[in-house]
Each structure stands twice: as structure tokens, then as C-alpha cells.
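Participant: Coordinates for the following, if possible.
(chains A and B)
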Amino acid sequence: MSEWLSEHQPDVVLIQETKQRDATFPFADLERRGYESAHHGQGQWNGVAIVSRVGLVDVQRGLDGDDEARFIAATCDGLRVYSCYVPNGRALDDPHYAYKLRWLASLGLMLRERDQDQPLVVGGDFNVTRSDLDVYDPTAFVGATHVSPPERSALEALLDTGLVDLGRTWHPDEPAFTWWDYRNGSFRRGWGLRIDYLLADERTAQRVREVSVDRDARKGEKPSDHAPVVADIDW
DNA sequence: ATGTCCCAACTTTTGGGA
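Facilitator: Numbering: from 1, shown residues only, chains lettered A, B, ... in the order given. Here you go, the predicted model:
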């Protein structure tokens, strides 16, 4: 993480699956590097954070009615940012899948009720593909989560509140995968999914210069199974 | 198509979650 910060010099970072309590989050290390942090931790699972070197105020932890650490919001230099870790769902007949749909609906309600004049970037691990272009082999996902119509509709409903999918807008024809399973040599074989998004309001989207997926971060020693989605915004 | 990784625990192996 700190190597990645040094190399890329981001102003704001949205992190998911920190998998720790607030007490162990490296606030001090990040501060030495010039970054303020807000963390909403839980323990072994979940955990979300926002790290910023351009200010960090008005922190909101948790989604209304949710008791898991999957949402944190803050304002960084006038830009409102959400860091979201959408429930995985596990299987279509698992209670966790119903929880996933409820969670997405709850985020959708919050987005519908927001101040539309407030510049906003909603980012994170959504655990949903928007379309089959986001899936390395749709036949391998028949009957699985991450591709089902209810999830995709729920994701589309978020965009319908006036948000732009920056990754797909800047890369309309290539998969731009963001996640590869640790198993099966999936990364080497190109078996990925695009499930991580940066969604911006239309005015902010117009100020975006470049969007990329940092695939290099998926290589090397003990990588995350996700690669960061990076947006360069002319702020 | 299920080959990894990590963590917790009634811990030295197993189960669960991603």
C-alpha cells in the first residue's frame, strides 16, 4: 500500500476489505506520508477506508441500517467520495444474496436523495458485473452471483441517479477487468471480472482526463486479488 | 472450471469466506 502511494502519488484513495479493527489501521504511517485517513473497521472481515492528502472532512461511517463495515464517506477538497464494499452474495439461494440486493437498494436510496450539486465519486468493490463484456467467460457464470439480472439492475439503478461509470466510459470496448481469482492461475490466463468501479456525477466526469486499471498491482508478492481503478481528474 | 490465501479457533488441522 505505501509503495503504491509513493509510486502513484494519488490525492485520494478509496480502500475496501481492510480486514482489521480501527486500532490496527496504519493512521500514523500514512500521516508521515502526508495522508489523512478515515477507517471504518470491523475485524476479520470487511472494513473500508478513505485516505487523502487534500483534506478529509464530514466522515460518515456505515450505511443506514447495516451493521457491517462496508461503507465510509468523506469530503476531500470539495469532492464527496464514497468507499463501498458491496456484499459478495455467495450464491443466488444464499441469504447473503438477499442482503446484497438490500444493500445495493439502500445505497441507491441514499444516492437518489443526495444533493445533486455536490460533486461525487462513488468507488469500490461492487461484486457485480455490468454486462457480459465485464466477464471473461459468461458461460462459466450461468446461475452464479456477480452476473444475475437483479444485481445488474440494482447497479444500473445507482447509475440512473446521474452517475457515470468512468472505467467503461474511458474503455468502451476492452474488458478492463479489475479482479482475478487466486485459483486456477486466473490472472495469467486472463480469467477476470470487472467488478470495481469509480462512478462520478456527470460534471465531475467531464473533468476526467484518464481512467486506468493498474494491472501491475495484481502482480508481485502477495498481491490483492483486485487491481486498483485509477482516475485522473482535472480538479 | 474451483488449482489460493488468510484467519480464527473448543489451534498444531479444519472450516469458512472471498
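Participant: A:Ala157: neighbouring residues, count only.
Facilitator: Neighbour count for A:Ala157, taken as other C-beta atoms under 10 Å: 16. Just so you know, the C-beta spots here come from the backbone N, C-alpha and C atoms, and that holds for glycine as well.
Participant: Now it. Nearest residue, chain neighbours left out?
Facilitator: Nearest non-adjacent residue to A:Ala157, counting by C-beta to C-beta, 6 or more residues apart in numbering: A:Gly108, 4.8 Å away.
Participant: doesn't A:Leu158 make contact with the one you found?
Facilitator: Yes - if you go by C-beta atoms under 8 Å, A:Gly108 and A:Leu158 touch, sitting 5.5 Å apart.
Participant: Compare the two (neighbour count), which wins?
Facilitator: Counted by other C-beta under 10 Å, A:Gly108 and A:Leu158 do not tie: A:Leu158 has more neighbours, with 23 against 18.
Participant: Up against DNA strand B, what does chain A have?
Facilitator: A:17, A:19, A:43-45, A:87-88, A:90, A:96, A:136-137, A:140, A:144, A:181-185, A:189, A:191, A:222 (C-beta under 7 Å from any atom of the strand).
Participant: The same query, at a cut-off of 6 Å, please.
Facilitator: Listed as neighbours of DNA strand B in chain A under the rule C-beta under 6 Å from any atom of the strand: A:44, A:88, A:90, A:96, A:137, A:140, A:181-185, A:191, A:222.
Participant: Which members of those are the farthest-apart pair?
Facilitator: The span of those, defined through C-beta to C-beta, is set by A:Gln44 and A:Asp137 at 31.3 Å.
Participant: Tell me which of the residues of chain A next to DNA strand B fall in helices.
Facilitator: Of the residues of chain A next to DNA strand B, the ones assigned to helices by DSSP state H are A:His96.
Participant: now, among the residues of chain A next to DNA strand B, which is nearest to A:Leu198?
Facilitator: For the residues of chain A next to DNA strand B, the nearest to A:Leu198 is A:Asn88 (19.9 Å; C-beta to C-beta).
Participant: Return the distance of the closest residue to the closest one other than its chain neighbours relative to A:Arg183.
Facilitator: Nearest non-adjacent residue to A:Asn88, counting by C-beta to C-beta, 6+ apart: A:Asn127, 5.1 Å away. For A:Asn127, the distance to A:Arg183 equals 17 Å [C-beta to C-beta, to the nearest Å].
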